[in-house]
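*Asks:* Structure of the sequence below:
(one chain, ligands or ions: 1)
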Amino acid sequence: MYSTVASGPALTVPDLHDRKRRAEKIVSITSYDASLAARSDEAGVDFVLVGDSLGMVVQGHSSTLPVTMDQMVYHSACVARGLRRALLVADLPFMSFRDPAIALTNAARLLGEGGVAMVKLEGAGWVCEVIDALTRHEVPVCAHLGLTPQSVHRLGGYRVQGKGNVAAERLKADALAVQDAGADMLVLECVPAALAADITRSLRIPTIGIGAGVDCDGQILVVHDLLGMTSGKRPRFTRDFLAGTNSVVGAIAAYAAAVRSGEFPAAEHSY
Ligand code: KIV
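*Replies:* Residues are numbered from 1 along each chain as shown. Down below sits the predicted model:
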């Protein structure tokens, strides 16, 4: 009754916690379709995120705000069909977790229809009540702090967060609060490397950095950035791993190896 389905993801939420305890880096990448998900799985990525970044890199919007729940469920189900080993995580998009009851309904769709094992949501403060409700109903949660793209209008753009003592203390307090609310993992986006290292040391749960320095417990990149497909100026925290390799799987595997060896991100990719 409790045996795992052969094609199901082999990595579990407790496995990610063990990685932190054993100081083994966690490797993650975004994906939005079955083919790239399968290549990421082959390359040995630990978890795949169906990010609401799909609004920008797939749909061509200038922000993640237009992404809908139906689209997240659709892309999650596509990605789930490409995975065998990696854990599947998906974003709750803008306004889809605005109160605990709505968040529970939408998370149930991502787990039930989309096949995901964990949901990610941005913010702290009132969001802690939502994290508490989800985790009490057995939905694993990845929190997301620092540059939270759903807050782009309030933040005034896509900028590094947590600079200066006051902002750094607030961010650290938020990180402890989301952990206390029950989050199983925390994405830190575009925060100074020293602050991310301090937060990582202070938490039991794994931190996953993007533009947050090498001392996070793991790293995540948007797959389009990693494959050099980004239009316009490439963000500082990314690297084109396809340059120098001759296949998509090779590029993702090179990224995974660079994360696991601590070679990526280097100082030039950090703040
Ligand atoms: O939406 C996304 O792809 C993300 C990652 C950049 C962490 O949130």
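
*Asks:* Which of the three states applies to residue 24?
*Replies:* Judged by DSSP: H, G, I helix; E, B strand; the rest coil, the three-state class of residue 24 is coil.

*Asks:* give me the number of residues near it?
*Replies:* Counted with other C-beta atoms under 10 Å, residues neighbouring residue 24 total 13. Bear in mind the C-beta positions are built from the backbone N, C-alpha and C, glycine included.

*Asks:* next one: residue 96
*Replies:* As a burial measure, residue 96 scores 22 neighbours (other C-beta under 10 Å).

*Asks:* Same question for residue 172.
*Replies:* 18.

*Asks:* so the residue lying closest to it once chain neighbours are set aside, which of the three states?
*Replies:* Excluding the flanking residues, the one nearest residue 172 by C-beta to C-beta, 6 or more residues apart in numbering is residue 199, at 5.5 Å. Following three-state DSSP, we place residue 199 in the helix state.

*Asks:* same question, residue 172
*Replies:* Following three-state DSSP, residue 172 is assigned to helix.

*Asks:* What's the separation between the residue of the stretch 51-200 of the chain found nearest the ligand and residue 170?
*Replies:* Taking C-beta to the nearest ligand atom, the ligand has its nearest neighbour within the stretch 51-200 of the chain at residue 51, 2.1 Å off. Look at residue 51 and residue 170: by C-beta to C-beta, to the nearest Å, they are 24 Å apart.

*Asks:* Which of these two has more residues huddled nearby?
*Replies:* residue 51 (30 against 15).

*Asks:* Tell me where the stretch 151-271 of the chain has helices.
*Replies:* 152-155, 165-181, 193-202, 223-226, 248-261 (DSSP state H, counting those that start in this stretch).

*Asks:* Please list the residues outside the last one that contact it.
*Replies:* What that stands for is helix 248-261. Where contact means C-beta atoms under 8 Å, 6 or more residues apart in numbering, the residues beyond helix 248-261 that reach it are 24-25, 27, 29, 36, 39-40, 42-45, 218-219, 221, 223, 226-227, 239, 241-242, 244-245, 263-264.

*Asks:* and the closest residue to residue 204 other than its chain neighbours, what does it touch?
*Replies:* Distances taken as C-beta to C-beta, 6+ apart put residue 179 closest to residue 204, at 6.6 Å, once the chain neighbours are dropped. Applying C-beta under 8 Å, 6+ apart, we find residue 179 in contact with 143, 186, 203-205.

*Asks:* Can you tell me which of these are buried?
*Replies:* Buried residues within these, counting neighbours by 16 or more other C-beta atoms under 10 Å: 143, 186, 203, 205.

*Asks:* ok, and which of those residues reach the ligand?
*Replies:* Among the buried ones among the contacts of residue 179, no residue is within reach of the ligand (C-beta under 6 Å from any ligand atom).

*Asks:* what's the most distant pair in these?
*Replies:* 143 and 203 (10.3 Å; C-beta to C-beta).

*Asks:* Buried residues, stretch 240-254. List them.
*Replies:* By neighbour count with 16+ other C-beta under 10 Å, stretch 240-254 contains the buried residues 241-242, 245, 248-249, 251-254.

*Asks:* what about it, start to end distance?
*Replies:* With C-alpha to C-alpha, to the nearest Å applied, stretch 240-254 spans 10 Å between its terminal residues.

*Asks:* ditto for stretch 181-188
*Replies:* 17 Å.

*Asks:* Now do that stretch: everything it contacts.
*Replies:* Here stretch 181-188 has contacts from 13, 16-17, 118, 120, 128-129, 131-132, 134-136, 140-146, 175, 178-179, 196, 199, 203, 205-210, 212, 216, 220, using C-beta under 8 Å, 6+ apart.

*Asks:* Filter those residues down to the ones in strands?
*Replies:* 118, 120, 141-146, 207-210, 220 (DSSP state E).

*Asks:* ok, and the closest non-adjacent residue to residue 11?
*Replies:* Distances taken as C-beta to C-beta, 6+ apart put residue 87 closest to residue 11, at 4.5 Å, once the chain neighbours are dropped.

*Asks:* List the contacts of the one you found.
*Replies:* Residue 87 touches 9, 11-13, 15-16, 46-48, 117-118, counting by C-beta under 8 Å, 6+ apart.

*Asks:* Quick one: buried ones out of the contacts of stretch 181-188?
*Replies:* Neighbour-count burial (16+ other C-beta under 10 Å) applied to the contacts of stretch 181-188 gives 13, 16-17, 118, 120, 128, 131-132, 134, 140-146, 175, 178-179, 196, 199, 203, 205-210, 212, 216, 220.
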